[in-house]
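> Provided below are the primary sequence and the corresponding predicted coordinates.
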Amino acid sequence: MIPAFDGKRVLVIGGTSGIGAAIADGFTGQEAEVIVTGAEGTRPGAVTLDVRDRAAVEDLVGGMGRLDHLIYCAGIIRRGDEHDPAVFADVLAINLTGAMIACTAARPLLAESGGTILLTASMLSWFGGGLVPGYSASKGGIAQLTKSLAIAYAPEGIRVNALAPGWIATALTDPLRDNPEREAAILSRTPLGRWGRPEDLTGPALFLASPHAGFITGAVVPVDGGYLAA
């Protein structure tokens, strides 16, 4: 147990399912006050938010009064359709530009609290995906955004890091898990020999937000069962 979050206010954008929901539950379990955003009706108490709407993001964050940790897990993938420039642009708007909008909105409050930001990168921050040029570009961008904001925000005491999930069993990977050949290829390269679970990201998220990681900023941390090492 990391006794660092009792009474802390945590905003998890994209926290109604998958990795975001697991991270939100992890902070809740550590007695934090957790505000979750996502699509309407997907989680009790969740705030509906379109991360492409800058004014809506600014209204939400600005109205919080206090914020200790920002977690950005909002993201989409459109396999096979992302070569369409319109689809490409929408993927980047949610996965990358939305993260920048949220970080910019949260910066003043996090400067007051000496807080942290945690973004969601991917293995595709390091290599490409022929079916997902938008997703790959957005996650490469997240890695560089993490490093850039870590430098920019450090004088204000804000640490900025990212988690890079491997192949995690969520709705986004359902098509891959339903394809026996693709699943076999993934598992054969993953040294731990299994799909990750959303809960596998919870511990790393708590650590990076905690004082135990007080000298870590600008890091992109793989949580991939060894896939990048293979």
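Done, it's in. Numbers count the residues shown, from 1 in each chain.
> buried residues in whichever helix in the chain runs longest?
Counting by DSSP state H, the longest helix found in the chain is helix 133-153. Judged by neighbour count (16 or more other C-beta atoms under 10 Å), helix 133-153 contains these buried residues: 133-143, 145-147, 149-150, 153. To be clear about C-beta, it is placed using only N, CA and C from the backbone, and glycine gets the same treatment.
> How much space separates Arg43 from Asp53?
20 Å (C-beta to C-beta, to the nearest Å).
> who has more neighbours, those two?
Using other C-beta atoms under 10 Å as the criterion, Arg43 and Asp53 rank with Arg43 on top: 17 against 13.
> still on that earlier bit, state the mean pLDDT of the following helix or strand past the longest helix of the chain.
Following helix 133-153 in sequence order, the next helix or strand is strand 159-165 (DSSP states H and E). Strand 159-165 shows a mean pLDDT of 98.
> Same question for stretch 111-130.
Rounded mean pLDDT across stretch 111-130 is 97.
> and if you look at stretch 94-101?
98.
> cool, stretch 169-178 as well?
89.
> Contacts made by it with the rest, please.
17-19, 75, 77, 79, 167, 182-183, 186, 195-198 (C-beta atoms under 8 Å, 6 or more residues apart in numbering).
> check contacts around the nearest residue to Lys147 once chain neighbours are set aside.
Of all residues not flanking Lys147 in the chain, Gly218 sits nearest, at 4.7 Å (C-beta to C-beta, 6 or more residues apart in numbering). The contact partners of Gly218, taken as C-beta under 8 Å, 6+ apart, are 146-147, 150-151, 160-161.
> Next SSE downstream of the helix or strand of the chain with the lowest mean pLDDT?
In the chain, no helix or strand scores lower on mean pLDDT, DSSP states H and E than helix 174-177, which sits at a mean of 89. Using DSSP H and E, the helix or strand that follows helix 174-177 in sequence is helix 180-189.
> now the strands for this protein?
9-13, 33-38, 47-48, 69-72, 116-120, 159-165, 220-223 (DSSP state E).
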